[in-house]
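Asker: Can you look at this prediction? I've put the sequence above it.
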Amino acid sequence: MTEETAGADTAPAEPDAAAAAEPEREWWDDPSLPWKHKPSRADIACMSWIGAISVYSLIMLPLRPVMLSLSPVVLGSLGYRTGLVMVGALAATGDGWWPLVLVLGTLGAIKFDWVYWWAGKLWGHGLIEVWSGQSPRARRRNERAIRFAHRYERIAIAITFLPIPLPAAVIYAALGAAGTTLRTFLTVGVLSALVTTAGYLYLGYWIGAPAVDLITQYGQWLWYLSLAILGGMLIAAWWRARTGTAPASRG
């Protein structure tokens, strides 16, 4: 056997041949997904809920300015702060819808929170890792939120209802992963939502007629604000598709 023949016999396999020899990965075995196993019905259901929440949030983003002008009662009943303040201002002028909005707005403020708690219970910190992606800044922020949630639990739930820039979904998922019971999570959430909802209504009542006059006078311009928000969303989506950048995670 010549040296050339021996060299040919011991040559490494071609990269394409080695890749072909590897078993094909299942669709669910993807680092961009939060689970580390074949998803069950519960996994699929939870992920479907998260997708539906994302669609709902995108739809509501340009609609909120218009709803504030046309139907603040509906907006407040969905749990949005601007709608609650406006309903409180209307109450100062004699409108009587605020008791109903207090109840519905409280429920509206927590309507999707349980989904992120469920995600944490199912996948641990898997969803948080997906949200963090390759961004060191997002990872540091989310790690701080996880430590805060694990250390304070009930306080962490309550504080997410305040107008503070906290990644509420990350905190809820971290609590689900840490073993916080659904009963505790919902009890603290409902009480916190009730207190803050009443606070926003009172703020509007304290402002009173000037807030109503302001929205009435400038209500027509809120349509243009909604169109501007919608245009910005379309431009952002086009830019991400063109550059290949991922959208910012929720939080």
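Answerer: Good, I have the coordinates. Numbering: from 1, shown residues only.
Asker: tell me the contacts of residue 204?
Answerer: For residue 204, the contact set (CB atoms under 8 Å, 6 or more residues apart in numbering) comprises 84, 85, 86, 87, 88, 89, 90, 91, 92, 211. Quick note: C-beta positions are derived from backbone N, CA and C, even for glycine.
Asker: meant to ask about residue 149
Answerer: Shown in contact with residue 149 (CB under 8 Å, 6+ apart): 156, 170, 171, 174, 175, 178.
Asker: Sketch out the low-pLDDT regions of the stretch 1-150 of the chain for me.
Answerer: Along the stretch 1-150 of the chain, the model assigns pLDDT under 70 to residues 1-23, 25-31.
Asker: try 80
Answerer: By pLDDT under 80, the low-scoring segments of the stretch 1-150 of the chain are 1-32, 133-134.
Asker: which residues in it form helices?
Answerer: Secondary structure of the stretch 1-150 of the chain (DSSP state H, counting those that start in this stretch): helices located at 3-9, 15-21, 41-70, 72-77, 81-92, 98-109, 113-123, 126-132, 136-152.
Asker: still on that earlier bit, need the contacts of residue 149 in a markdown table (columns: pLDDT).
Answerer: Shown next, in a markdown table, are the contacts of residue 149 (pLDDT from 0 to 100):
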| residue | pLDDT |
| --- | --- |
| 156 | 95 |
| 170 | 94 |
| 171 | 95 |
| 174 | 95 |
| 175 | 96 |
| 178 | 94 |
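Asker: Among those residues, pick out the one closest to residue 104, please.
Answerer: For these, the minimum distance to residue 104 (CB to CB) is 24.1 Å, reached by residue 171.
Asker: That closest one sits in which helix or strand?
Answerer: helix 168-178 (DSSP states H and E).
Asker: Summarise which helices and strands that helix is packed against.
Answerer: On a contact count with 3 or more CB pairs under 8 Å, 6 or more residues apart in numbering; DSSP states H and E, helix 168-178 meets helix 113-123, helix 126-132, helix 136-152, helix 154-159, helix 182-207.
Asker: For these, give me TSV that also has distance to residue 61.
Answerer: Below are these laid out as TSV (distance: least, CB to CB, whole Å):
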stretch	distance to residue 61
helix 113-123	19
helix 126-132	19
helix 136-152	21
helix 154-159	24
helix 182-207	19
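Asker: didn't residue 190 look like it was pressed against residue 106?
Answerer: Yes: between residue 190 and residue 106 there is a contact under CB atoms under 8 Å: 6.7 Å.
Asker: For residue 115, give me its contacts.
Answerer: Counting by CB under 8 Å, 6+ apart, residue 115 touches 46, 49, 50, 53.
Asker: what about the second one, how many neighbours?
Answerer: Applying other CB atoms under 10 Å, we find 16 other residues in the vicinity of residue 49.
Asker: Any idea how many residues pack against the spatially closest residue to residue 124 that is not a sequence neighbour?
Answerer: Closest residue to residue 124 apart from its sequence neighbours, by CB to CB, 6 or more residues apart in numbering: residue 177 at 4.6 Å. Counted with other CB under 10 Å, the neighbours of residue 177 add up to 22.
Asker: which of residue 190 and residue 106 has more neighbours?
Answerer: A direct count of neighbours by other CB under 10 Å for residue 190 and residue 106 places residue 106 higher, at 22 against 15.
Asker: Could you measure from that one over to residue 95?
Answerer: As judged by CB to CB, to the nearest Å, residue 106 and residue 95 stand 19 Å apart.
Asker: Kindly report the same for residue 185.
Answerer: 34 Å.
Asker: okay, the two: which has more neighbours?
Answerer: residue 185 (24 against 16).
Asker: for the more buried one, what are its contacts?
Answerer: 113, 114, 117, 157, 172, 175, 176.
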